[in-house]
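> Below is the sequence, then the predicted model.
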Amino acid sequence: MGVPHTTGQFADLLDPRFQEIFDDNFPQLNDMLPEVYSFPPDNGRIDMRFSEVSGYGDVPEFTGAVTYQSAAQGYDTTITPLEFASGVQVERRLFDTDQFEVMNQRPEGLARAAQRTRQKHGARMFNNAFSVDTKFYNNSEAVALCSNSHTTTVDDASTASGFDNLVTTALSATALATARIQMRGFLDAAANRIDVEPDEILYPPDLYEIAFEINASMGKVETANNNRNVHMGRYTMKEWNYLNDTNNWFLMDSALRGAALKWFDSVPVEFAMAEDMDTLVAKWRLYMVYGNGHRDWRWILGASVS
């Protein structure tokens, strides 16, 4: 259909013989953004910048003189919110003679489109977790969010272990136990042990049954043994329809995720309406500005399953 909407395009809406003509008002998917992102204010900045400073090594034995340590400048993250806008146009005559008030619901359709767009951009963080994605943010490490090639700016820190948050194993009780151990071994920029406590599993609907069995079973999953299931009740389950790979899954530390994963609404969803004086065409428009990004990777382990 062309723009604007006119009586010639929607003859059915003018015909009272129809029993019902319904709008595209199916139930929308739940808003998952508050489940995974924190929403700090942007304070009117054009972009938001984060950086880090490394910690120190162990304290050496005192042998007559104090040993002074130095910290290292860490990686920088810049989150740049982007503008999004859309609208609809409706001929005045169509609006007045619509027998089913479908055109009256067009602005509501814009709101649903906005919610859907935001969800897709929120899920993008995870759908693109295994490649370098720069749509909304740049991180100077220039490594994928989930990678076995993370680096550090601390010269004498070894990345031989504790800097890998990528696995390729399908979701199972055994794979989850191995992933948890791997996360518990994460190191900070100076290669010091840190307290990472995985307590969330994020997965697509296709993995619901497996995830539920792992987290809810009293006994060991898929075995005849009567041993207790170590995973029972340990994790918060997060299912997201906008995860576009049916096999990939993610293990997260909720506290670290809340500190590291950011969403900025520079301009919340905004609506406006006007009618053209000469053509009698009503215009509704939607405008929003937002961006997201992460300041560190140690809150998540991702499974890229082939």
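It's in.
> Residue 35 - that's part of a helix, no?
Yes - when DSSP: H, G, I helix; E, B strand; the rest coil is applied, residue 35 is found to be in a helix.
> State the distance from residue 91 to residue 107.
Distance of residue 91 to residue 107, given as CB to CB, to the nearest Å: 15 Å. The C-beta positions use only the backbone N, C-alpha and C, and glycine is treated the same way.
> Repeat that for residue 69.
Distance of residue 69 to residue 107, given as CB to CB: 60 Å.
> quick one: which of those two has more around it?
residue 107 (17 against 12; other CB atoms under 10 Å).
> Report the beta-bridge partner residues of the nearest residue to the more buried one once chain neighbours are set aside.
Using CB to CB, 6 or more residues apart in numbering and skipping residues adjacent in sequence, the residue nearest residue 107 is residue 284, 4.7 Å away. Counting by DSSP bridges, residue 284 is bridged to residue 88, residue 273.
> By mean pLDDT, flag the weakest helix or strand of this protein.
None of the helices or strands of the chain scores lower by mean pLDDT, DSSP states H and E than helix 92-97, at a mean of 65.
> Tell me, what's the model's pLDDT at residue 237?
Note for residue 237: predicted pLDDT of 97.
> just use 591 as the starting number from now, easier for me
Sure, I'll start numbering at 591, so the last one becomes residue 827.
> Which of the three states applies to it?
The three-state label given to residue 827 by three-state DSSP is strand.
> separation between it and residue 761?
On the measure of CB to CB, residue 827 and residue 761 end up 12 Å apart.
> Which one of these two is surrounded by more residues?
residue 761 (22 against 14).
> what residues are up against the more buried one?
By CB atoms under 8 Å, 6 or more residues apart in numbering, the residues touching residue 761 are 793, 797, 800, 801, 804, 837, 839, 893, 895.
> For residue 874, see how far away it is.
Separation of residue 761 from residue 874 (CB to CB): 43 Å.
> now swap in residue 758 and tell me
Here the criterion is CB to CB. By it, residue 758 lies 47 Å from residue 874.
> and if you look at residue 851?
Computed with CB to CB, the distance linking residue 851 and residue 874 is 33 Å.
> Between these two, point out the one with more neighbours.
Neighbour count, other CB under 10 Å: between residue 851 and residue 874, residue 851 has more, with 21 against 18.
> dump the residue contacts of the more buried one.
If you count contacts by CB under 8 Å, 6+ apart, residue 851 has them with 626, 627, 628, 715, 882, 884, 889.
> Out of those, the closest to residue 769 would be?
If you rank these by distance to residue 769 using CB to CB, residue 889 comes first, at 13.5 Å.
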